[in-house]
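Student: I'll drop the sequence and a predicted model, then ask my questions.
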Amino acid sequence: MSDHDSKTTTDHDEIREWTEARGGRPASVEATADDEDPGILRIDFGEKEDSLQEISWEDWFKAFEDNNLAFLYQEQTKDGGESRFFKLVAR
């Protein structure tokens, strides 16, 4: 398996380390959130996207677990650059 192959994890530390190494922050789609639920989870990289709201890692991981998700990600692009590719998938 090479570093540009996708990997899947449910390990919170691994997800957080991968995200923060790429300048990412835990977020959710603002229009899908309410008082009880952060809504659709995302990772926000670089400039803040208007449609996203930053949330705490605690809230992000609670929703991640409540929705029985896994984190599919890539370490490097095929040409060896740092990859920001990820997808949240059902376990």
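Tutor: Ah, there it is. It should be emphasised that the depicted structure is a prediction, and the values quoted were computed from it without experimental measurement.
Student: okay, now Cys50: neighbour count?
Tutor: Heads up, residue 50 is Asp, not Cys. 7 (other Cβ atoms under 10 Å). Where C-beta positions appear, they are placed from N, C-alpha and C, glycine not excepted.
Student: Tell me if it really is in a helix.
Tutor: No. Using DSSP: H, G, I helix; E, B strand; the rest coil, the secondary structure at Asp50 is coil, not a helix.
Student: So which residues of this structure form helices?
Tutor: 12-21, 57-66 (DSSP state H).
Student: Quick check: which of those helices is nearest to Phe45?
Tutor: Closest approach to Phe45 among those (Cβ to Cβ): helix 12-21, 8.6 Å.
Student: Count residues in the vicinity of Gly23, would you?
Tutor: As a burial measure, Gly23 scores 11 neighbours (other Cβ under 10 Å).
Student: nope, Gln76 is what I was after
Tutor: 14.
Student: Could you do Ala70 as well?
Tutor: Using other Cβ under 10 Å, Ala70 has 16 other residues around it.
Student: residues touching it, list them.
Tutor: Applying Cβ atoms under 8 Å, 6 or more residues apart in numbering, we find Ala70 in contact with 8-10, 88-91.
Student: So among these, which ones count as buried?
Tutor: Leu88 (16 or more other Cβ atoms under 10 Å).
Student: avg pLDDT for stretch 62-82?
Tutor: Taken as a whole, stretch 62-82 has a mean pLDDT of 94.
Student: a markdown table for the helices of the chain, including mean neighbour count and distance to Lys78?
Tutor: Below are the helices of the chain laid out as a markdown table (neighbours: other Cβ atoms under 10 Å; distance: least, Cβ to Cβ, whole Å):
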| stretch | mean neighbour count | distance to Lys78 |
| --- | --- | --- |
| helix 12-21 | 15 | 18 |
| helix 57-66 | 16 | 28 |
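Student: Need those in CSV (columns: distance to Ile40).
Tutor: Formatted as CSV, these follow (distance: least, Cβ to Cβ, whole Å):
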stretch, distance to Ile40
helix 12-21, 16
helix 57-66, 9
